[in-house]
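Visitor: sequence first, then the predicted structure, then my questions.
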Amino acid sequence: MSTSDHPPPPPPPPPPTKNHRLRRRLLCITSCTLMAVGTVGGPLLIRLYFSHGGSRKWLSSWLQTAAFPIILLPLSFLYSSSSSASSPFFAEPRLVFASALIGLISGLTNFMYSEGLSYLPVSTSSLLYSTQLPFTAVFAFFMVKQRFSFFSVNTVALMTLGAVLLAIRKDGDRPPGVSGSQYTVGFVVTVLSAALLGLIFPCIQLSYAKAKRVLTYAVVLQFQLGVSVFATVFCTVGMLANHDFAAIPREAKAYDLGETKYYIVLVATAVLWQFSFIGTAGTIFYTSSLFAGVYTSLLLPFTEVAAVIAFRESFSGEKGMAMALCLWGFVSYFYGVYKEGKGSPTTTSETAKEAEMGETRGPEDAV
């Protein structure tokens with residue numbers, strides 16, 4: 001058969017227009033904003049639940065993803081406004097399967113995080129949770145071939161040192177009514193949950209990279225919907241085994257702040273955590289898993305300060321030094337990105353490359 005019998009290859013897609021680039025940047029900013037609101041507010045509400053009489057750890061884990069129907073609202077809008085026949089609206093099966101696996105891991109991560117937060121002050125838990133950054137860096141290196149510079153390695157080292165400082169004096173801020181063994185359990189499971197979160201970020205980025213079709217923001221939302229659904233199913237099984245659903249009315253009546261505020265806390269917790277997860281999925285899509293890890297760690301000191309103000313938690317010298325090391329690490333990372341971009345005008349930094357990749361895979365008809 002001659003080459004003339006073969007159909008010509010499809011023309012390359014047109015470069016994104018200025019309006020498309022603007023929309024993608026707006027979606028990236030929106031994702032970062034949602035991630036910030038949820039990451040700062042979510043832990044505070046979970047601690048509020050535990051500190052005033054709540055004790056159901058599976059329930060608090062379930063709340064972190066149970067508000068997944070929220071995702072259907074933007075998905076409905078995107079579906080009604082979609083007009084491109086070249087980019088299918090619905091996610092491909094391999095992405096659905098990946099979201100299911102990541103969702104089950106997320107369910108376990110949420111339970112371990114809630115277990116830790118039931119025994120630890122929010123400020124301590126937030127600093128410990130920032131150790132997800134070195135785990136993200138290691139997993140990203142092996143899974144998505146994340147390139148490292150001196151500055152990114154320095155960031156990982158500083159964040160790790162901050163967690164070590166907290167471990168040196170781990171009993172100094174033990175909440176009233178929490179035993180030493182419970183505090184230790186909270187410390188360990190929080191670090192383990194941070195490790196799992198560090199695995200989840202590169203897994204999401206790898207799932208995006210392995211997709212056969214052009215990714216749009218609508219597909220990203222569907223992916224997060226799958227993650228949330230399967231994480232909720234995982235925690236629902238735990239709640240059923242622990243009889244948490246039957247215990248909710250009794251716990252509400254005995255709640256220190258009153259029955260009405262009990263349910264308000266539960267609903268607000270679910271909404272804020274869903275904001276966090278939607279924002280995380282979008283942030284990884286438009287940047288990279290390492291950037292999402294750095295950004296998450298950047299937000300945790302704000303959670304820490306808010307916890308000190310809201311719950312009057314102690315702020316020891318070790319916490320202050322750990323927070324300073326975290327901030328130093330953030331500055332190091334972003335200075336490295338700036339230095340790399342300025343020193344190599346013909347190349348693009350890793351974060352910028354990922355941002356460009358997000359643009360080329362972005363929502364052509366999403367908005």
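Guide: That came in fine, so what should we check first?
Visitor: biggest helix in the chain by residues?
Guide: Using DSSP state H to define each element, the chain has its longest helix at helix 18-51.
Visitor: average pLDDT for the helix or strand that comes right after that helix, rounded please.
Guide: Per DSSP states H and E, the first helix or strand lying C-terminal to helix 18-51 is helix 57-63. Mean pLDDT, helix 57-63: 97.
Visitor: what packs against helix 57-63?
Guide: Secondary-structure packing of helix 57-63 (3 or more C-beta pairs under 8 Å, 6 or more residues apart in numbering; DSSP states H and E): helix 18-51, helix 93-117, helix 217-242, helix 244-254, helix 259-286. The C-beta positions use only the backbone N, C-alpha and C, and glycine is treated the same way.
Visitor: for it, output the C-alpha coordinates as PDB.
Guide: In PDB, the C-alpha atoms belonging to helix 57-63 read as follows (Å, rounded to 0.1, in the frame of the first residue of the first chain):
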ATOM      1  CA  LYS A  57     -12.300   9.700  64.600                       C
ATOM      2  CA  TRP A  58     -13.800   7.900  61.700                       C
ATOM      3  CA  LEU A  59     -16.500  10.700  61.500                       C
ATOM      4  CA  SER A  60     -13.900  13.400  61.400                       C
ATOM      5  CA  SER A  61     -12.100  11.500  58.700                       C
ATOM      6  CA  TRP A  62     -15.300  11.000  56.700                       C
ATOM      7  CA  LEU A  63     -16.000  14.700  56.800                       C
END
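Visitor: is it true that Phe150 touches Gly336?
Guide: Yes. Counting by C-beta atoms under 8 Å, Gly336 is a contact partner of Phe150 at 7.1 Å.
Visitor: looking at these two, which one has more neighbours?
Guide: Gly336 (21 against 10; other C-beta atoms under 10 Å).
Visitor: for the more buried one, which non-adjacent residue is closest in space?
Guide: In this structure, Gly336 finds its nearest non-sequential neighbour in Phe151, 2.5 Å apart by C-beta to C-beta, 6 or more residues apart in numbering.
Visitor: picking up where we left off before, would you reformat the helices and strands packed on helix 57-63 as JSON lines and include mean neighbour count and distance to Trp58?
Guide: Listed next are the helices and strands packed on helix 57-63 as JSON lines, based on neighbours: other C-beta atoms under 10 Å; distance: least, C-beta to C-beta, whole Å:
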{"stretch": "helix 18-51", "mean neighbour count": "19", "distance to Trp58": "13"}
{"stretch": "helix 93-117", "mean neighbour count": "21", "distance to Trp58": "7"}
{"stretch": "helix 217-242", "mean neighbour count": "22", "distance to Trp58": "4"}
{"stretch": "helix 244-254", "mean neighbour count": "14", "distance to Trp58": "5"}
{"stretch": "helix 259-286", "mean neighbour count": "22", "distance to Trp58": "13"}
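Visitor: closest one to Val156 among these?
Guide: Minimum separation from Val156 across those (C-beta to C-beta) falls at helix 259-286, 18.1 Å.
Visitor: check contacts around the residue most central in space within the chain.
Guide: Computing the C-alpha centroid of the chain and ranking residues by C-alpha atoms, centre = their mean puts Thr280 first, at 4.5 Å. Counting by C-beta atoms under 8 Å, 6 or more residues apart in numbering, Thr280 makes contact with 31, 35, 201, 204, 292, 296.
Visitor: among those residues, find me the one that's closest to Ser181.
Guide: Of the contacts of Thr280, the one sitting nearest to Ser181 (C-beta to C-beta) turns out to be Thr296, at 28.9 Å.
Visitor: that closest one touches Thr39, doesn't it?
Guide: Yes. Thr296 lies in contact with Thr39 (C-beta under 8 Å); the separation is 6.2 Å.
Visitor: separation between Ala270 and Ser114?
Guide: Counting by C-beta to C-beta, to the nearest Å, the gap between Ala270 and Ser114 amounts to 13 Å.
Visitor: can you check Leu22 too?
Guide: Plainly put, Leu22 is 39 Å away from Ser114 if you go by C-beta to C-beta.
Visitor: could you do Gln224 as well?
Guide: Using C-beta to C-beta, we find Gln224 at a distance of 20 Å from Ser114.
Visitor: what do you get for Thr160?
Guide: 24 Å.
Visitor: ok now do Ser123, which residues does it touch?
Guide: 173, 303-305, 307-308, 313, 315, 319.
Visitor: ok, the residues you listed vs Gln274, which is closest?
Guide: For the contacts of Ser123, the nearest to Gln274 is Thr303 (17.1 Å; C-beta to C-beta).
Visitor: which strand or helix spans the closest one?
Guide: helix 289-311.
Visitor: name the nearest residue to Leu199, ignoring sequence neighbours.
Guide: Phe139 (5.2 Å).
Visitor: neighbours of that neighbour, how many?
Guide: By other C-beta under 10 Å, the residues close to Phe139 number 24.
Visitor: on the three-state scheme, it is what?
Guide: Using DSSP: H, G, I helix; E, B strand; the rest coil, the structure places Phe139 in helix.
Visitor: wait, it sits on Ala194?
Guide: No. At 11.8 Å, Phe139 does not count as touching Ala194 under the criterion of C-beta under 8 Å.
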